[in-house]
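**Q** Would you be able to build a 3D model of this:
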Amino acid sequence: MVTVNEVFEMTRDALELIKSAQRRRLIYRTPLVKSDTISNATGAQVFLKLEALQKTGSFKARGAYNAITRLSREGVKHVVTASAGNHAQGVAYVASLYGIKSTIVMPQLTPWIKISRTKRYGADIILHGESYAEAEAKAMEISKELNATYVHAYNDPLIVAGQGTIGWEILEDLDEVDAVVVPIGGGGLISGIATVIKKKRPGVKVIGVQSEGAPSAYLSLREGKIMGVTSVDTIAEGIAVKRIGDLTFNIMREVVDDVVLVSDNDIVNAILMIGEATKVIAEGAGAASVAALLSGKVNVKGNVVALVSGGNIDMPMLTKVIYKALAKANRIIKIRGLIPDRPGTLSIVTGKMGELGINIIDVFHERFNPEIKPNYVEVSFVIEVPPDAKAVDDVLTELGKLGYKFWTERF
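**A** Numbers count the residues shown, from 1 in each chain. Alright, predicted model coming up:
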């Protein structure tokens, strides 16, 4: 088994390779930016390492570039891998740079955007299984059948070393770092980053974040042995892994200080906060580190770096996420009331809301409830709430003056 010291030396080599790729714009050196909004919400000085702006939309391009560049030098002509989407894009992209054929197995419910972008880089796509684990088993089978080289998404020292270059960049860009917070799926990302951070600045805390619906690393580090889970259930498909790797487990238990769990609702809130604070779109996995800070699951002070690891999210899912986050923050609410079922009444109600500056998002009618009088209709409005919370009370009061009783209702 490769040791932490060996991985650290491999990250040095990977850094030179990645820097060479960055000079040619094949890989990006992503920005490290302070977010005053997130800092104010957490009480720490929060800096975001925006790998969502990386080539292919996630950090995965780094590990893929490091591994496949070295494989190309060995004359490899065909690579196979399994991925929930981001590693797939990284492998397909780098393979295309070297004229290497790539075959990618992805779970059947992989977001369309990740499938289409992987195809765009010329990969052959096979959709198989409901989870990454099932896709991985199929991919390994295919690699043997085709006599191709398998490139693991995280349990590979070259992949880990490539991801570790992020750690070097953080230390180069920020003189004082107190903590680094990193999402964990299979563990390749945090293994690389934590190896560099702990070797260079041992006093810096490195904290991993997993979804409650995919807690393999969390359970494994607490039990002292690899603990898989039978199923995963989270909107953060990029970290929806049933079992962490042997290599990454051994590294993590040496260099990772703690792992915490966040809920999907925590992640939803973080996606909205990142978008509003930085104008950067984060996918579920990419927002997990910020979710841990905003929810208080990670409570650290000083200079804290949160890795926004990817931004490949389907627009339909992004729409759902934003509306759920706005509803949870009471920035959109539902009001309900009874009005006479006759022409012009609805126009009076909506007209009054318009006068008060209220934007109506949706309207629902209920005529079939037997408890409602036949000449009345129950109407529900989903509305945007202005910054002044008193505006909602004003709406209810003004509608009451017109003779219509409305009240707020939870979603």
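
**Q** Would you mind measuring from the nearest residue to residue 78 once chain neighbours are set aside to residue 347?
**A** Spatial nearest neighbour of residue 78, excluding adjacent residues (Cβ to Cβ, 6 or more residues apart in numbering): residue 148 at 3.9 Å. For glycine as for every other residue, the C-beta is placed from the backbone atoms N, C-alpha and C. Distance, residue 148 to residue 347, using Cβ to Cβ, to the nearest Å: 66 Å.

**Q** More neighbours: these two, which one.
**A** residue 148 (20 against 9; other Cβ atoms under 10 Å).

**Q** per-residue confidence for that one?
**A** pLDDT, residue 148: 97.

**Q** Surely it is in contact with residue 91?
**A** No. Residue 148 sits out of contact with residue 91 when judged by Cβ atoms under 8 Å, with a separation of 11.7 Å.

**Q** can you list residues touching both of these two?
**A** Taking Cβ atoms under 8 Å, 6 or more residues apart in numbering as the contact rule, residue 148 and residue 91 both touch residue 79.

**Q** Quick one: residues contacting residue 158.
**A** 10, 14, 63, 66, 67, 70.

**Q** let me redo that: residue 162
**A** Counting by Cβ under 8 Å, 6+ apart, residue 162 has contacts 14, 18, 62, 63, 64, 65, 66, 67, 192.

**Q** What is the neighbour count of the last one?
**A** Applying other Cβ under 10 Å, we find 35 other residues in the vicinity of residue 192.

**Q** Name the helix or strand for the nearest residue to it once chain neighbours are set aside, please.
**A** Ranked by Cβ to Cβ, 6+ apart and with sequence neighbours excluded, the top spatial neighbour of residue 192 is residue 164, at 2.9 Å. Following DSSP states H and E, one finds residue 164 within helix 157-173.

**Q** what is the mean pLDDT for that helix?
**A** Mean predicted confidence for helix 157-173 is 98.

**Q** now do stretch 319-327
**A** The model assigns stretch 319-327 a mean pLDDT of 91.

**Q** Which positions in that stretch come out as buried?
**A** 321, 322, 323, 324, 325, 326, 327 (16 or more other Cβ atoms under 10 Å).

**Q** Quick one: distance of that stretch to the chain centre.
**A** Put simply, stretch 319-327 sits 15 Å off its chain's centre (Cα atoms, centre = their mean, to the nearest Å).

**Q** Also stretch 294-307?
**A** Per Cα atoms, centre = their mean, the centroid offset for stretch 294-307 relative to its chain is 16 Å.
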